[in-house]
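1. Model the structure of this input:
(chains A and B)
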Amino acid sequence: MRNTSATKLLFELSKPGRRAVRLPACDVPRRPCAEGVPPGMLADAPPPLPEVAEPDLVRHFTNLSTLNMSVDTHFYPLGSCTMKYNPKRNERLAALSGLADLHPYQPEDTLQGLLQLLFELQQMLGEISGLPAVSLQPAAGAHGELTALMVAAAHFRDAGQRRTKVLAPDSAHGTNPASARMAGFETVTVRSTAGGVVDLDDLRAKLDDNLAVFMITNPNTLGLFDGQVGQIAEWVHARGGLIYLDGANMNAILGIARPGDFGADMMHFNPHKTFSGPHGGGGPGAGPVCVTEKLGAYLPAPVVAYDGRRYRLDTDRPKSIGRVRSFFGSAGVLIRAYCYIRTYGPEGLRAVSENAVLNANYLLSRVKDFLPVPQGDRCMHEFVASAAALKKAKGLTAMDLAKRLLDEGYHAPTVYFPLTVPEAMMIEPTETESKETLDAFAAALFRLTQETPGALHDAPHTTPVSRPDEVQAARKPVLQWNAG
Amino acid sequence: MLQAIGVGSIDALFAAIPGEFRLSRPLDLPPALTELDLTRHMTALAGRNAHAGQKVCFLGGGSYDHFVPAVVDAIASRGEFYTSYTPYQAEVSQGNLQAMFEYQTLICRLTGMDVSNASLYDGGTAAVEGVLMAMSVTRRESKVVVAAGVHPEYREILQTYLAGLKTECVTVGAGQGTTDLEALAAAVDEGAACVLIQHPNFLGCLEDVAAAARIAHDAGALLVQAFDPISLGLLKRPAELGADIAVAEGQSLGTPMLFGGPYLGIMACREQYVRRLPGRIAGQTTDRRGQPCWVLTLQTREQHIRRDKATSNICTNQGLIALRAAIYLSALGPQGLRETAELCLQKARYAAAQITAGDRFELAFDRPAFKEFAVRSRAGGVSQLLAEAGEAGYLAGLPLGRWYPELSDCFLVAVTEKRTRQEIDALARCLAGGQSPQATEKT
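-> Here you go, the predicted model:
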């Protein structure tokens, strides 16, 4: 059934003279393009782009799309990524011409509807996080992290302090230390206990007056809520440091606990995770940042302000770190987040988290007997199973199981992360999956653990390609198509 | 389900959260809306904005009202594309990976560069990442040189990123509309990592990138060029002009204006710098059956492996917007891109002539331009003028005084292929003060 001629590379499909789009004739008097342009600036020919007709273009990309797994087609329990269903209504509403066809430099009086929406979103994120000052500007989660760390740096500069140390647990996302370095800090790693939470002794040993920020993911990447967070915040604050919360896992605690209430000074949201923005094959996302009232002065400008009559973009923020992105930010992603929050309301958002945690615990209960979960019987929105015992007993790895799951029609969990669990398989079902789906997934996973290792090592068998040679890809990089 | 888990209530699942941190009240949010109610609400909000279908858009400054062919929306709205994620599992992501590889190839062909990443957030952060990359390549951390014709917001982002580092950012003026090359040569020394220049620049003028590249290279610095993708239908490509790193805002390539985002950061460079390039990259390889296929590659540059030693903290690309750009560029092809660029150029020249035909306006700069130009109002009053044009149905231009105080009597007009002669004539009449509201019939 596969149409392999349609999925040849665009450049192989190209035939001189074909095209999909025709432009109108020039309706103003034409002058030679070269007129007035210094010689040497004009190209001799346009860039060598492919030449394809519209039907061939559509068939090419449509067939390519069928080579993807997606939330619309498959269960996608990719831990830490919150691959929940993306409601279709949000797509339609974000595409309304009155929202999509707006220029970022339009006068504010022609933008009152959108500015109202964005202002309300700022308010709603402030309420959900318990951190009332909000910037919608960052373009992604990692960008939000970086922004918050820059806010922290500005706060310490303003206080006349030179603090250089950022602490992050060993289970943290890799973006945490990378963002810290870009903001001019040095990261020191704090160990986790065998139980998967912050090792308080190790933390205490690393606390000093050079501490700028403690970065914590809570619930953490093991799917555990670290109940010590109150104690941690007390210690960090006593040293004059700030707590940054990586909001990647907010899907577990909406309306149940607020980072601002458990000690965080700053956090980011991933609207593309928590608030159902589609992941787009790897973006676009957004990374709104929420901070305490006190730190609000340092947030990027502009923010949306409202005087009871009119909405406007407030750029007069003298202590602001400045811009981190052009224009307002990813408005299109933020509109979807707004639609999502308005769809659920306070009770509904709480139910989202309750069901996400219920689903994760249920799935955990279904798999733990054949795939151990080292950090215990309970989790929040996700859990991390380990294939270490299977590897020892049968030579099966987390990667083998992940690849064989693809044959069964399931996207693989996140594997080999967090780094603190051997043969890690991080599973996040989200609240939008039915019990039937979870049961079927658990049954499939069980079957696979019973298979002979040989069948798994060669998996997947039914996918368009199997086990690409990543070493070759990195050793001899082929990063663009060249004929011959 | 609770029984299988072994708890009596959902509440028990949250036992790990200490009681003192549990929210004891409902969130203070507006009540839930059904789809119908939400649609009504959103339609009302959208109705309180004046969109580009209602006002004729001559606004530019990095975001443009270009035409988006239906084929772009049709393909990009397939759930298999937009509800998938970063292609970690290559076997079930060949659609996205091949599209990324095709995007990279298209960007290489567009720019003449050897390597493109799979995209960054937007043009502004791409420009900044280009500068940071140049610092890493040259191992020069003390100074970067930036032309004043680079988008002011891109320069602001750069300032923000450099605030935590010990890097001096020297700005070279563009008093006559283009970079003062003598001042540039004086600013670039052996300590400078790069020159960042935009061509066509923010003021609409064409820059002598080749000369700037020579200045940079003579001092061992790199040349980072911010370009307009549509302009490459006519103008020489960054690689031909001597750029080492090319960056751009890719919104023009098939993405609506969306009040500024999500957009597309394009970034390409010369082969020898590939291991310093930030962001995701797709590469070709073969699978165990020997079939050609694609994977994410060179991941040792990235933060999930290298953590604080990574080339950047960026861990996604703008997958769906890059896909849109790939569809757009393939739909246009070389001739379509050339015709689009030429329509922009011809109409911008025509508009400049029409607007400056009377005594009221003159061109701010006597420099060749592409699709944007700065107009000086001899009698000043720019904000009043633009407000009146707004009443008459035109997003007529962008006041420049906000970023360039010396240009407070100037505004920037952008003309894309979408603008008709009728619209341009009407705008010119309106600005000249002779136009009654809504007199233009839009087609």
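2. Please identify which residue in the stretch 201-350 of chain A comes closest to chain B.
-> The nearest approach of the stretch 201-350 of chain A to chain B comes at residue A:327, 2.7 Å away (CB to the nearest CB). Every residue, glycine included, has its C-beta placed from N, CA and C.
3. isn't that residue right next to residue B:260, touching?
-> Yes. Between residue A:327 and residue B:260 there is a contact under CB atoms under 8 Å: 2.7 Å.
4. So which of the two has more stuff around it?
-> The residue with more neighbours, out of residue A:327 and residue B:260 and counting by other CB atoms under 10 Å in any protein chain shown, is residue A:327; that gives 27 against 24.
5. Just say helix, strand or coil for the more buried one.
-> coil (DSSP: H, G, I helix; E, B strand; the rest coil).
6. what does residue B:376 give?
-> With three-state DSSP as the basis, residue B:376 sits in strand.
7. Grab the nearest non-local neighbour of residue B:352.
-> residue B:373 (4.8 Å; CB to CB, 6 or more residues apart in numbering or on different chains).
8. The helix or strand harbouring that neighbour pairs with which strands, and in what direction?
-> Counting by DSSP states H and E, the element that carries residue B:373 is strand B:372-377. Strand pairing for strand B:372-377, determined by DSSP bridges: strand B:361-363 (antiparallel), strand B:410-414 (antiparallel).
9. Give the buried residues for the one helix or strand residue B:36 maps to.
-> Residue B:36 belongs to helix B:35-47 when elements are defined using DSSP H and E. Residues of helix B:35-47 classed as buried by neighbour count (16 or more other CB atoms under 10 Å in any protein chain shown): B:38-39, B:41-42, B:45-46.
10. name the helices or strands packed onto the helix or strand just after it?
-> Next helix or strand after helix B:35-47 toward the C-terminus (DSSP H and E): strand B:56-57. Other helices and strands packing on strand B:56-57, by 3 or more CB pairs under 8 Å, 6 or more residues apart in numbering or on different chains; DSSP states H and E, are strand B:394-395, helix B:421-431.
11. for the helix or strand that strand B:56-57 is followed by, the distance to its chain's centre please.
-> Remark: after strand B:56-57, the chain's next helix or strand is helix B:70-76, criterion DSSP H and E. Offset of helix B:70-76 from its chain centre (CA atoms, centre = their mean, to the nearest Å): 20 Å.
12. what's helix B:70-76 in contact with?
-> Identification of contacts with helix B:70-76 by CB atoms under 8 Å, 6 or more residues apart in numbering or on different chains yields A:20-21, A:54, A:57-58, A:61-62, A:65, B:81-82, B:254, B:320, B:323-324, B:327-328, B:331.
13. Repeat that for stretch A:384-402.
-> By CB under 8 Å, 6+ apart, stretch A:384-402 touches A:79, A:221-223, A:367-368, A:371-375, A:412-413, A:415-416, A:418, A:421-427, A:445, A:448-449, A:453, A:456-457, A:459, B:89.
14. repeat that for 6 Å
-> Identification of contacts with stretch A:384-402 by CB atoms under 6 Å, 6 or more residues apart in numbering or on different chains yields A:222, A:371-374, A:412, A:415, A:421-426, A:448, A:453, A:456.
15. sorry, back to before: now the helices and strands packed on strand B:56-57 as JSON lines including mean neighbour count?
-> As requested, these are exported to JSON lines (neighbours: other CB atoms under 10 Å in any protein chain shown):
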{"stretch": "strand B:394-395", "mean neighbour count": "24"}
{"stretch": "helix B:421-431", "mean neighbour count": "21"}
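16. what's the closest of these to chain A?
-> Comparing these by CB to the nearest CB, helix B:421-431 comes nearest, at 4.4 Å.
17. Just want the angle from the closest one to strand B:372-377.
-> 30 degrees (axes from the mean of the first three to the mean of the last three CA atoms, to 10 degrees).
18. and residue B:146, what helix or strand is that in?
-> Using DSSP H and E, the element containing residue B:146 is strand B:143-147.
19. Specify which member of the contacts of stretch A:384-402 is nearest to chain B.
-> Closest to chain B out of the contacts of stretch A:384-402 is residue A:412 (5.2 Å), distances taken as CB to the nearest CB.
20. Tell me how many other residues crowd that closest one.
-> Other residues close to residue A:412 by other CB under 10 Å number 25.
21. Then the one 5 residues further on?
-> Neighbourhood size, residue A:417 [other CB under 10 Å]: 20.
22. can you tell me how far it sits from chain B?
-> Between residue A:417 and chain B the computed distance is 7 Å (CB to the nearest CB, to the nearest Å).
23. Contacts only, for that residue.
-> Residue A:417 neighbours (CB under 6 Å, 6+ apart): residue A:424.
24. you'd agree residue A:188 is in a helix?
-> No. Secondary structure of residue A:188 (three-state DSSP): strand, not part of a helix.
25. Pull the contacting residues for it.
-> Contacts here follow CB under 6 Å, 6+ apart; on that basis residue A:188 touches A:165, A:167, A:206.
26. Is residue A:168 in contact with residue A:175, as I believe?
-> No. Taking CB atoms under 6 Å as the definition, residue A:168 is not a contact partner of residue A:175, at 10.1 Å.
27. Point out where the chain drops to low pLDDT.
-> Going with chain A. A:484 (pLDDT under 70).
28. Sorry, I should have been clearer: chain B.
-> B:302-307, B:434-443.
29. which helix of it spans the most residues?
-> helix B:319-355 (DSSP state H).
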